[in-house]
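*Asks:* Pasting the sequence and the predicted coordinates here, then a few questions.
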Amino acid sequence: MTKRYNTSIITAVLLNWYNEEGRDLPWRETTDPYRIWISEIILQQTRVAQGKDYYFRLIERFPNVESLAIAEENEILKLWQGLGYYTRARNMHTAAKQIMNNFNGIFPATHSDILSLKGIGEYTAAAIASIAFNEPYAVVDGNVLRVIARLFGIALSIHSSEGKKAIKILAQSLLDIKNPGRYNQAVMDFGALICTPAQPQCMRCVLQDYCIAFAENRVNKLPVNNRKITLKNRYFHYFHIQYNGSTFLHKRDESDIWKNLFEFPLIETAESLDFTELEKTEAFRRLFGGVSFLSVDQYISVKHQLTHQSIHTRFYRIIIPDDIPYNPPVGIFTIKDELLTDYPVSRLMHKYIETI
């Protein structure tokens, strides 16, 4: 049992594995904290394969902090489109402004200062501080939680304060103080490639001899996750209104999903309604008040799954004859049809636009 808890051996074995099997990723070719930061924000909720192209596009358009700070939010959101979790992009924009205002445009070099930036938590601060500045902070993300919980047989929930504390202490004890950035990248890769959530590659695992979960046949039972996700059902009805060669949009500005993204006029209902039922609602009358005639040209039903929400959506393409006056409610504006793709939209909206 003592052998399994020898952290220096585990660290050495892990680093040797990384030297042979570590992923070749573009942001690992630099110690520029700005580029490392951009990559880490992208990868917070995104697979590496998907994130690469976004990384290249963002770095090409915004090669430094200043260019990102002075950019228009709409342009950033448009480049981010498809990645989801748009709060990351908005926070990134705010953090760039913080760096310009509070750090004279120079990316902060200490863990505490990095942590002060909008949208940066303990994991991201540790990653940037260790990789860019060689500061001895161990990263703890989902991959690391899983690797350590299995290695050391942690029976505590990874979402409990006790479980988090225990794993954080073990993570720090494994850290290679001389090269913390390389170690952090090694353990993240190990969790992503070998010690995976489903079907872990135990027969290929170089840490098999030190793994308590493997020795006790508990690999598939760890880490312990007692968090229950409650799904909320929401019912969206979008109206792609075509009138005089134009369509209509509005900007989501409430504190809700897809904040500051654009979408067609929307009616949200508490339950699923068909079009006939929808026509009887006050929201429908407000949206199309004064219109004496309209036709439904197309109807598409889409279900869009978010982490905690199921969005049941119906898209209606509405044709209003050119000779009928139409004045939409406040907040809804008109654009030429051909400009629709210029606006940053949610993945749900984008799915529909691809069908037009």
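*Replies:* Structure's in. What do you need? Residues are numbered from 1 along each chain as shown.
*Asks:* gap between the residue lying closest to residue 80 once chain neighbours are set aside and residue 276?
*Replies:* Distances taken as C-beta to C-beta, 6 or more residues apart in numbering place residue 89 nearest to residue 80, at 4.1 Å, with adjacent residues excluded. Where you see a C-beta, it was placed from the backbone N, CA and C, and this is true even at glycine. Per C-beta to C-beta, to the nearest Å, residue 89 is found 39 Å from residue 276.
*Asks:* sorry, back to before: now the host helix or strand of the residue nearest to residue 80: average pLDDT?
*Replies:* Following DSSP states H and E, one finds residue 89 within helix 87-102. Here helix 87-102 scores 97 as its mean pLDDT.
*Asks:* buried stuff in that helix?
*Replies:* 87, 88, 89, 90, 92, 93, 95, 96, 98, 99, 100 (16 or more other C-beta atoms under 10 Å).
*Asks:* of those residues, closest to residue 330?
*Replies:* Distance to residue 330 across the buried residues of helix 87-102 (C-beta to C-beta) is lowest for residue 90, with 24.1 Å.
*Asks:* which regions of the stretch 151-300 of the chain sit below the pLDDT cut-off?
*Replies:* Confidence mapping of the stretch 151-300 of the chain against pLDDT under 70 gives zero matching residues.
*Asks:* Do a quick rundown of the strands in the chain.
*Replies:* 232-242, 246-251, 262-263, 266-269, 295-305, 309-319, 333-336 (DSSP state E).
*Asks:* Report the buried residues of the fourth one.
*Replies:* This means strand 266-269. Result for strand 266-269 [16+ other C-beta under 10 Å]: buried residues 266, 267, 269.
*Asks:* Any chance of TSV for those residues, columns distance to residue 161?
*Replies:* Listed next are those as TSV, based on distance: C-beta to C-beta, whole Å:
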residue	distance to residue 161
266	39
267	42
269	39
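*Asks:* Verify the stated contact: residue 234 with residue 308.
*Replies:* No: with contacts counted by C-beta atoms under 8 Å, residue 234 stays clear of residue 308, the gap being 10.5 Å.
*Asks:* Only the buried residues of stretch 277-293, if you could.
*Replies:* In stretch 277-293, the ones that count as buried by 16+ other C-beta under 10 Å are 278, 284, 287, 288, 291.
*Asks:* Please determine how far the residue sitting furthest away from the middle of the chain is located from residue 243.
*Replies:* What lies farthest from the middle of the chain is residue 323; by C-alpha atoms, centre = their mean that is 44.9 Å. Taking C-beta to C-beta as the measure, residue 323 and residue 243 are separated by 11 Å.
*Asks:* ok, back up a step: how close does the residue farthest from the centre of the chain get to residue 223?
*Replies:* 65 Å.
*Asks:* so how far is residue 238 from the spatially closest residue to residue 45 that is not a sequence neighbour?
*Replies:* Leaving aside its sequence neighbours, residue 45 sits nearest to residue 85 (C-beta to C-beta, 6+ apart; 4.6 Å). Per C-beta to C-beta, residue 85 is found 21 Å from residue 238.
*Asks:* returning to that earlier point: kindly reformat the buried residues of helix 87-102 as TSV containing distance to residue 7.
*Replies:* Listed next are those as TSV, based on distance: C-beta to C-beta, whole Å:
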residue	distance to residue 7
87	36
88	33
89	38
90	39
92	34
93	40
95	34
96	37
98	36
99	35
100	41
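*Asks:* ok, so of the residues you listed, who is nearest residue 186?
*Replies:* Of all those, residue 186 sits closest to residue 88, with 24.9 Å by C-beta to C-beta.
*Asks:* mind listing what the spatially closest residue to that closest one that is not a sequence neighbour touches?
*Replies:* Leaving aside its chain neighbours, residue 88 sits nearest to residue 41 (5.3 Å; criterion: C-beta to C-beta, 6+ apart). By C-beta atoms under 8 Å, 6 or more residues apart in numbering, the contact set of residue 41 is 88, 91, 92, 119, 124.
*Asks:* ok, those vs residue 152, which is closest?
*Replies:* residue 124 (24.2 Å).
*Asks:* Thought residue 42 was touching the closest one, still the case?
*Replies:* No: assessed by C-beta under 8 Å, residue 124 is found out of contact with residue 42, at 11.0 Å.
*Asks:* mind checking pLDDT for residue 53?
*Replies:* Here, the pLDDT recorded for residue 53 equals 95.
*Asks:* how close does the spatially most central residue of the chain get to residue 221?
*Replies:* By C-alpha atoms, centre = their mean, the mean C-alpha position of the chain lies nearest to residue 45, the distance being 3.5 Å. Separation of residue 45 from residue 221 (C-beta to C-beta) stands at 26 Å.
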